[in-house]
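Enquirer: return atomic coordinates for the entry below.
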Amino acid sequence: MFSKDQKIKIAQEVEKILLSFDHPEMPKNEPNFTLKVEGKGVWSWAEIKPNWIYDRTNRKRSINPFNERNAIKR
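Expert: Purely as a prediction, here's the structure:
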């Protein structure tokens, strides 16, 4: 549903919001979360995880060319 760049931006903003609450049960940095966004159809969804969990061995994420192409048009 979202392009790679859009997922990165969403993950950054979610992390910023989570850390801003300064909740005693939250870590002080690098909160672990998964955000699932459901679209209009059963085939339309996005799973977003924090950007910091990706290192050199697993940085390559699967990319849907349709999402990447359409992100530019929006």
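Enquirer: what's the closest non-adjacent residue to the residue nearest the centre of the chain?
Expert: For the chain, the residue sitting closest to the mean C-alpha position, by Cα atoms, centre = their mean, is I48 at 3.0 Å. Distances taken as Cβ to Cβ, 6 or more residues apart in numbering put L35 closest to I48, at 4.3 Å, once the chain neighbours are dropped. For glycine as for every other residue, the C-beta is placed from the backbone atoms N, C-alpha and C.
Enquirer: show the contacting residues for that neighbour.
Expert: 10-11, 14, 47-49 (Cβ atoms under 8 Å, 6 or more residues apart in numbering).
Enquirer: which among those count as buried?
Expert: By neighbour count, with 16 or more other Cβ atoms under 10 Å, these hold 10-11, 14, 48 as buried.
Enquirer: return the subset of those lying in helices.
Expert: 10-11, 14 (DSSP state H).
Enquirer: if we can go back for a sec, and the gap between the residue nearest to the centre of the chain and S3?
Expert: 12 Å (Cβ to Cβ, to the nearest Å).
Enquirer: thinking again about what came up before, so which of the ones in helices among the buried ones among the contacts of L35 is the closest to D22?
Expert: V14 (15.6 Å; Cβ to Cβ).
Enquirer: could you pull out the helices for this protein?
Expert: Under DSSP H, the chain gives helices at 4-20, 65-73.
Enquirer: buried ones in stretch 6-23?
Expert: Per 16+ other Cβ under 10 Å, stretch 6-23 contains these buried residues: 6-7, 10-11, 14-15, 18.
Enquirer: again, but for stretch 25-45
Expert: P31.
Enquirer: got the end-to-end distance for it?
Expert: 29 Å (Cα to Cα, to the nearest Å).
Enquirer: so for it, mean pLDDT?
Expert: For stretch 25-45, the mean per-residue pLDDT is 92.
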